[in-house]
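[1] here is a sequence together with a model predicted from it:
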Amino acid sequence: MSTSQIAFLKGHGTENDFVIVPDPDNALTLPAATVARLCDRRAGIGGDGLLHVVRSAAHPEARSMADAAEWFMDYRNADGSIAEMCGNGVRVFAHYLQRAGLVEEGDLTVATRGGPKRVHLAKNGDITVSMGRALLPGESVTVSVGDRSWPARNVNMGNPHAVAFVDDLDHAGDLLTAPPVSPGTVYPDGVNVEFVVDRGPRHVGMRVHERGSGETRSCGTGACAVAVATARRDGADPATTGLPATYRVDLPGGTLVITEHPDGAIDMTGPAVIVAEGVIDRAWLETS
């Protein structure tokens, strides 16, 4: 990792928090161990993940999207592993771009490993992300915690999810380790696991274990997966009814509003906050 100074910011979206590292020219090397140190909550800056801010044209994984999206969200989990997408991360990423004067209020497109994502920056500060379409693979899966187990809905939002409906969110346990999901062959690269309870008409609460990060205060793609799974459980399929389905999803860190449209497109609306900025101590970072 090289440069004279390494700037960072800290932000969150419904308390899903991130270390933000601006690097327009993709000049920094960010191996997994470095990301894990930065995201360490006791010995580092602390975060559920890291948002590496790079111009699409400067990153080999995003050059093909450069015409559609000037900026690439090179997202990493807290353990340093690479992830396809992070819905809360996209909102925080877009908020950073606006705060830095790199984009203006209104519409923009952000490149991600899950494809280009359309974003709308509203006057009231809310940010809406077009999250793409959900895929509903047919495999049946089961989620277990201790001696309890539940059937789970397999939903893919550019990253994999297993959504289980439970009577009490405490049944999810401490979520310090990944809940077992069987058969394991369905998710060879791991899976995000959501536990969901009903709170009213088109209103649910959830907890989530994010692969590579443990339990997080919020998960945007997880909230989308939950809304889609709940809609199907409720017999609501916008592609069939021709009507959008909107769900309020409460997470430990706040509330997101998820709308699935008849064409399958899913919008996620919620807040994003930048709380601090500074410079990383190179001597600390380079100490093994």
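    Cool, got the structure.
[2] from now on I want contacts and neighbour counts done on CA atoms only, so please keep to that.
    Will do.
[3] mind splitting the protein into its structural domains?
    As given by automatic domain parsing, the domain ranges for the chain are 6-126+272-285, 141-269.
[4] possible to save those as TSV with distance to Gly132, mean pLDDT and mean neighbour count?
    Shown next, in TSV, are the domains of the chain (distance: least, C-alpha to C-alpha, whole Å; pLDDT from 0 to 100; neighbours: other C-alpha atoms under 10 Å):
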stretch	distance to Gly132	mean pLDDT	mean neighbour count
domain 6-126+272-285	7	95	19
domain 141-269	5	96	20
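[5] so which of the ones you listed is nearest Arg133?
    domain 141-269 (5.0 Å; C-alpha to C-alpha).
[6] coming back round to it: TSV for the domains of the chain, including distance to Leu135?
    Below are the domains of the chain laid out as TSV (distance: least, C-alpha to C-alpha, whole Å):
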stretch	distance to Leu135
domain 6-126+272-285	13
domain 141-269	5
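[7] quick one, phi/psi of Ala94?
    With angles defined as degrees, to the nearest 10, Ala94 sits at phi -70, psi -40.
[8] could we number from 49 for the rest of this?
    Sure, I'll start numbering at 49, so the last one becomes Ala142.
[9] quick one: it from Gly194, how far?
    Using C-alpha to C-alpha, to the nearest Å, Ala142 is found at 39 Å from Gly194.
[10] for Arg265, same thing?
    For Arg265, the distance to Gly194 equals 22 Å [C-alpha to C-alpha].
[11] one more: Met205?
    Using C-alpha to C-alpha, we find Met205 at a distance of 27 Å from Gly194.
[12] Gly149 now?
    Separation of Gly149 from Gly194 (C-alpha to C-alpha) stands at 49 Å.
[13] and Ser104, by the same measure?
    Distance from Ser104 to Gly194, by C-alpha to C-alpha: 44 Å.
[14] repeat for Leu299
    Noted for Leu299: a distance of 23 Å to Gly194, by C-alpha to C-alpha.
[15] the helices in the chain, which residues?
    All helices of the chain, identified by DSSP state H, fall at 80-87, 135-147, 268-281, 286-289, 330-333.
[16] export those as a markdown table, with columns for distance to His309.
    Shown next, in a markdown table, are the helices of the chain (distance: least, C-alpha to C-alpha, whole Å):
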| stretch | distance to His309 |
| --- | --- |
| helix 80-87 | 35 |
| helix 135-147 | 17 |
| helix 268-281 | 11 |
| helix 286-289 | 6 |
| helix 330-333 | 45 |
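[17] closest to Arg255 out of the ones you listed?
    Closest to Arg255 of these, according to C-alpha to C-alpha: helix 268-281, at 9.2 Å.
[18] packing partners of the closest one?
    Contacts defined by 3 or more C-alpha pairs under 8 Å, 6 or more residues apart in numbering; DSSP states H and E place helix 268-281 against helix 135-147, strand 196-204, strand 208-213, strand 240-248, strand 293-299, strand 302-308, strand 313-318.
[19] ok, the residue nearest the centre of the chain to Pro249 distance?
    Of all residues in the chain, the one closest to the mean position by C-alpha atoms, centre = their mean is Cys134, 2.3 Å from it. Computed with C-alpha to C-alpha, the distance linking Cys134 and Pro249 is 27 Å.
[20] give me the beta-bridge partners of the residue nearest to Ser266 when sequence neighbours are not counted?
    What sits nearest to Ser266 in space, not counting adjacent residues and going by C-alpha to C-alpha, 6 or more residues apart in numbering, is Asn64, at 4.9 Å. With DSSP bridges as the criterion, Asn64 is bridged to Gly61.
[21] contacting residues around Asn64?
    Residues in contact with Asn64 (C-alpha atoms under 8 Å, 6 or more residues apart in numbering) are Gly95, Asp96, Asn136, Gly137, Thr264, Arg265, Ser266, Cys267, Gly301.
[22] cutoff 10 Å now
    Residues in contact with Asn64 (C-alpha atoms under 10 Å, 6 or more residues apart in numbering) are 95-97, 134-137, 140, 264-268, 299-302, 320.
[23] ok, now Met205?
    By C-alpha under 10 Å, 6+ apart, the residues touching Met205 are 132-135, 162, 179-184, 268-270, 272-273, 314.
[24] same question for Glu308.
    Applying C-alpha under 10 Å, 6+ apart to Glu308 gives the contacts 178-182, 272, 275-276, 279, 285-287, 291-295, 314-316.
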